[in-house]
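A.B. asks: predicted model follows, preceded by the sequence.
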Amino acid sequence: MRLVSILNEDLIFCDLAGSTREELYRSMLEKAAVKIDFPENIDTLQANLIEREDLTMIPYEGMAIPHLRNAKLKDLHVIIGLLKTPVKLKKNDLAPTQVIIMSLISDKTSDIYLKSLAAFTRFCAIPGNIQTLAGAATPEDVMQTLGDTAIKKDITAEDVMKADYPHVKADDCLSAVLDVMHTQSKNVLPVLDTENRIIGQLDATDVLRSFVPDYLMMMDNLKFVSTFEMFDKIFQEEKARYVRDYMTPPTAVITPETPLIQFTVTIAKREAATIFVADKDSKLLGAISINSIIHKILRG
């Protein structure tokens, strides 16, 4: 199934003008209202789009993906706006937006929405494609530019994973690794060899457990225990300990083609809190956690 098969040329607006997110979204909704029988007034739709966007705080980098679900909608409507002048829509954006892919989603179209979003994301991840799309002069040009971009049958690991996932090496010292875990808000990190192949994982829980005195591990009631001993030991030894001292075999490694339901069940069954995605040579591509599923699927 091709991406263009779900698009409507009447909902593609080139040379979109505006200097703020509010102006641009309103302009797109007003133009689309000619073709779509909206269940809410434009003020409400615009406010809901921005409220949801501020809730997720996804940083945009050239392509913006505002969206909302509304039970009163009867179908999925994808509205495309190409900006005449790039605009930084939100404070946390990584680059000014050139292309806006606005999606209005009915109760029964979440599946096709997520698959189409994945297709747009794959297309725009290719260097130069955002600029080419933004430069289209007509809706017909947009359809031609998207060409044979496909909507995949299934949502897979590559659509959900966080790419550029932080990693460590076996010879890294514990002090530096704790810094990475702190700054990146990760408690499980993949351990890579010199060729970026996954050879293990480092779990912060395993690190902490190794410093807990044996007598505390054997106690059932810690109500009256207030010792700081284990933390003092960490502070004293963290620069002399290394990843290799704590790494374990990776709990779960999957291919980028693994379907959504498979790795979701793995996480739901608590078989793995963090799943690593690797290519055929075991080189790290990204990672998936429950936060990935919430971010990309439940609130994507």
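C.D. replies: Yep, it's here.
A.B. asks: helix or strand with the lowest mean pLDDT in the protein?
C.D. replies: Within the chain, no helix or strand scores below helix 214-217, which has a mean of 72 by mean pLDDT, DSSP states H and E.
A.B. asks: buried stuff in that one?
C.D. replies: Buried residues in helix 214-217, counted by 16 or more other C-beta atoms under 10 Å: none are found. C-beta: built from backbone N, CA, C; applies to glycine.
A.B. asks: just stretch 44-57 next, same as before
C.D. replies: The neighbour-count check on stretch 44-57 (16+ other C-beta under 10 Å) flags 45, 46, 48, 49, 50, 53 as buried.
A.B. asks: I figured the fifth one hits residue 26, correct?
C.D. replies: So the one you mean is residue 50. No. Here residue 50 does not reach residue 26: they are 10.2 Å apart, not a contact under C-beta atoms under 8 Å.
A.B. asks: and this structure, what are its domains?
C.D. replies: Listed by automatic domain parsing, the domain ranges of the chain are 3-153, 162-298.
A.B. asks: re earlier: by pLDDT, give me the weakest of the buried residues of stretch 44-57.
C.D. replies: Here the lowest pLDDT out of those sits on residue 53, with 91.
A.B. asks: against residue 155, how distant is it?
C.D. replies: From residue 53 over to residue 155 the distance is 21 Å, taken as C-beta to C-beta, to the nearest Å.
A.B. asks: equivalent analysis for residue 282, please.
C.D. replies: From residue 282 over to residue 155 (counting by C-beta to C-beta), the distance is 23 Å.
A.B. asks: so between the two, which is more surrounded?
C.D. replies: Set residue 282 next to residue 155 and count neighbours by other C-beta atoms under 10 Å: residue 155 wins out with 20 against 16.
A.B. asks: from residue 216, how far out is that one?
C.D. replies: Applying C-beta to C-beta, the value for residue 155 to residue 216 is 44 Å.
A.B. asks: got it, and residue 116?
C.D. replies: Counting by C-beta to C-beta, the gap from residue 116 to residue 216 is 53 Å.
A.B. asks: thought residue 61 was touching residue 94?
C.D. replies: Yes. Between residue 61 and residue 94 there is a contact at 4.1 Å, judged by C-beta under 8 Å.
A.B. asks: ok, these two, which is more surrounded?
C.D. replies: Using other C-beta under 10 Å, the more surrounded residue of residue 61 and residue 94 is residue 61, with 15 against 9.
A.B. asks: is the more buried one bridged to anything, and to what?
C.D. replies: Here residue 61 sits in beta bridges with residue 95, going by DSSP bridges.
A.B. asks: wait, what's in contact with it?
C.D. replies: The neighbourhood of residue 61, defined by C-beta atoms under 8 Å, 6 or more residues apart in numbering, consists of 93, 94, 95.
A.B. asks: need the next SSE after the helix or strand where residue 276 lies, C-terminal direction.
C.D. replies: Using DSSP states H and E, residue 276 sits within strand 274-278. Downstream of strand 274-278, the first helix or strand assigned by DSSP H and E is strand 284-289.
A.B. asks: okay, the angle between that next one and strand 274-278?
C.D. replies: Computed with axes from the mean of the first three to the mean of the last three C-alpha atoms, to 10 degrees, the direction of strand 284-289 lies at 160 degrees from that of strand 274-278.
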